[in-house]
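> Any chance you can model this:
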Amino acid sequence: MDLRVGVSEQVGTPPISMCGGQHEPRSAHRCDAATVTPDQFLARCNQLWHVAPAGTWKAISDNGLRTGQQLIEAADLDEETRTTLLTAPRSETVRLKVGENEVVLRDQEALLRADLPSLLEPGTSISDWVQLLNRRAYLFTDKVAMRRMLDKNVERDGAQEVLSFSPLRLFDAARPQIELSAQNSGGVPRKSDPHKGRDTFLSITRFPDKKPAVVTIVDGLPDIAGIVMRVEHHEIGKPPITIT
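This next block holds a predicted model:
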């Protein structure tokens with residue numbers, strides 16, 4: 001859920017239509033996003049956080065919240081490396097030069113398992129799944145889950161930044177791009193879980209009326225002015241420092 005797009009999620013029950021409260025298959029007519037009010041979105045997602053390596057805030061404030069795909073496409077890379085990063089799981093952390101900034105893509109080690117193809121929806125290849133993940137920016141909806149990821153990253157990788165988003169302002173700015181997931185999409189499901197694929201992520205109007213585990217923004221957010229309300233710097237053994 002951060003610029004190091006390894007976070008990095010699964011919906012097992014049929015989606016509930018906000019139009020009439022009836023179960024609605026994927027091929028059925030969808031409600032217009034305008035039928036979901038800001039209050040309804042806020043009731044599900046009243047707090048949102050994005051975790052990123054220290055120093056990332058400046059790049060985000062200048063260039064927006066970009067996805068793994070956007071960063072890979074903008075980076076100074078040969079085409080073979082670029083294609084590999086876009087379509088294959090990352091076995092380790094990758095550092096990229098994008099313009100004047102260095103950005104970090106988290107590893108996708110959880111995807112490096114021999115039985116992964118059997119855990120994906122029929123017709124979804126590993127490449128399809130990686131590309132689906134890379135197209136998104138990720139926001140935590142649960143503070144405990146966010147803190148768990150933050151502590152892990154601080155211990156493993158060093159200082160981190162936590163961006164707190166206004167759910168209502170995000171809703172207003174990116175409503176058509178917002179897709180929700182019931183589980184952490186960066187991992188892979190247990191054998192008892194629904195398989196992962198395109199329907200792991202559902203639009204606001206198709207997602208069941210419950211709190212999602214993660215909010216994703218398809219193709220990122222180029223302008224975050226007024227949407228990020230607070231940024232904190234976190235290091236081991238030190239109290240957080242408010243950046244803005």
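> ranges for the strands of this protein?
48-53, 94-98, 101-105, 136-140, 160-165, 178-181, 202-203, 214-218, 228-234, 241-242 (DSSP state E).
> and residue 84, how far is that from residue 90?
9 Å (Cβ to Cβ, to the nearest Å). Just so you know, the C-beta spots here come from the backbone N, C-alpha and C atoms, and that holds for glycine as well.
> And those two? Which one has more around it.
Shown here are residue 84 and residue 90; by other Cβ atoms under 10 Å, residue 90 has more neighbours (21 against 13).
> pretty sure the more buried one is touching residue 105, no?
Yes - between residue 90 and residue 105 there is a contact under Cβ atoms under 8 Å: 6.1 Å.
> Of the strands of the chain, which stretch is the most buried?
Mean neighbours per residue, mean count of other Cβ atoms under 10 Å, is largest over the strands of the chain for strand 136-140, with a mean of 27.
> ok now that strand, how far from the chain's centre?
2 Å (Cα atoms, centre = their mean, to the nearest Å).
> From the contact counts, what lies against that strand?
strand 48-53, strand 214-218 (3 or more Cβ pairs under 8 Å, 6 or more residues apart in numbering; DSSP states H and E).
> quick one: the longest one to strand 94-98, angle?
The reference is to strand 48-53. 90 degrees (axes from the mean of the first three to the mean of the last three Cα atoms, to 10 degrees).
> just checking, what packs against strand 48-53?
Strand 48-53 packs on strand 136-140, helix 143-157, strand 160-165, going by 3+ Cβ pairs under 8 Å, 6+ apart.
> mind putting these in a markdown table, distance to residue 65 and mean pLDDT included?
Shown next, in a markdown table, are these (distance: least, Cβ to Cβ, whole Å; pLDDT from 0 to 100):
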| stretch | distance to residue 65 | mean pLDDT |
| --- | --- | --- |
| strand 136-140 | 5 | 97 |
| helix 143-157 | 16 | 95 |
| strand 160-165 | 8 | 98 |
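> and of these, who's closest to residue 110?
helix 143-157 (12.5 Å; Cβ to Cβ).
> for that closest one, which positions count as buried?
By neighbour count on 16 or more other Cβ atoms under 10 Å, the buried set for helix 143-157 is 145, 146, 149, 150, 153, 154.
> gap between residue 204 and residue 103?
The value you get for residue 204 to residue 103, if Cβ to Cβ is used, is 29 Å.
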